[in-house]
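Novice: sequence first, predicted coordinates after that:
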Amino acid sequence: MTVRPVRLLGDPVLRTPCDLVTRFDGGLANLIADLIDTVREPGRAGLAANQIGSSLAAFSYNVDGQLGYLINPRVVSLSDVLDGPEGCLSIPGIYAECRRAARAVVEGVDLRGEPVVVAANGELARCLQHETDHLRGKLYVDRLTGPERRRVMRRLINPEYRTVLAGSRPHR
């Protein structure tokens, strides 16, 4: 299908919770194909539908050779702790130490509306949590606390960074 441009911080669609998918049709199949094509670009681990301008609850992932998607995902289990660097295509160039669960189980459905369960550890678990947050209008920077949050917020409000964001064309 198509590699779609990624919406950047400041775009209201990133802060708007996505709608549950209720129609499993050709339009949804095209969206999933675009999510998969877009996440296959080098350096990408996950991509939520709102990051490419869709209000539907779906995301794709591509971590350590595991490529897939979930529609209407919901986290059903989290365990252990994983601290590590996290970034976001919608907030280019900013990375932070972010605490996530080391193991995640996420349920959703596929293009036929059939149940899908993805159980993951490590970076894929981080990705599943990150993308599920996106679909609820949350960004990883919202999870930051203490000195790490202050450091990132200073960068985000820096006029130079805001100018770069404002002048950026969406990431392809």
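Specialist: It's in.
Novice: would you tell me which strand is longest in the chain?
Specialist: strand 66-79 (DSSP state E).
Novice: paired strands for the next helix or strand after that strand, with orientation please.
Specialist: The helix or strand immediately downstream of strand 66-79 is strand 82-88, counting by DSSP states H and E. In the sheet, strand 82-88 lines up against strand 91-100 (antiparallel) (DSSP bridges).
Novice: and the contacts of the strand it pairs with?
Specialist: 8-9, 81-88, 125-126, 129-130, 139-141, 143-144, 148-149, 151-152, 155-156, 161, 164-165, 168, 171 (C-beta atoms under 8 Å, 6 or more residues apart in numbering). C-beta: built from backbone N, CA, C; applies to glycine.
Novice: what is the mean pLDDT for that strand?
Specialist: The average of the pLDDT scores along strand 91-100 is 95.
Novice: then stretch 60-74?
Specialist: Per-residue scores along stretch 60-74 average to 97.
Novice: re earlier: in helices, which of the contacts of strand 91-100 fall?
Specialist: 125-126, 129-130, 148-149, 151-152, 155-156, 161, 164-165 (DSSP state H).
Novice: lowest pLDDT pick from these?
Specialist: residue 164 (72).
Novice: which intervals of this structure have sub-threshold pLDDT?
Specialist: The chain contains residues with pLDDT under 70 at 1, 167-172.
Novice: what's the angle from the helix or strand containing residue 108 to strand 82-88?
Specialist: Secondary structure from DSSP H and E places residue 108 in strand 103-109. Strand 103-109 and strand 82-88 are oriented at 50 degrees to each other (axes from the mean of the first three to the mean of the last three C-alpha atoms, to 10 degrees).
Novice: circling back to that earlier point, in the longest strand of the chain, which residues are buried?
Specialist: Within strand 66-79, the residues that count as buried by 16 or more other C-beta atoms under 10 Å are 68, 69, 70, 71, 72, 73, 78.
Novice: ok, and the closest non-adjacent residue to the second one?
Specialist: Okay, so that is residue 69. Spatially, and ignoring its direct neighbours in sequence, residue 69 is nearest to residue 60 (4.5 Å; C-beta to C-beta, 6 or more residues apart in numbering).
Novice: would that neighbour count as being in a strand?
Specialist: Yes - assessed with DSSP: H, G, I helix; E, B strand; the rest coil, residue 60 lies in a strand.
Novice: wait, it sits on residue 66?
Specialist: No - the pair residue 60 / residue 66 is not scored as a contact, 11.0 Å apart, by C-beta atoms under 8 Å.
Novice: thinking again about what came up before, what number of residues lie near the residue nearest to residue 69?
Specialist: Residue 60 has 27 neighbours, counted by other C-beta atoms under 10 Å.
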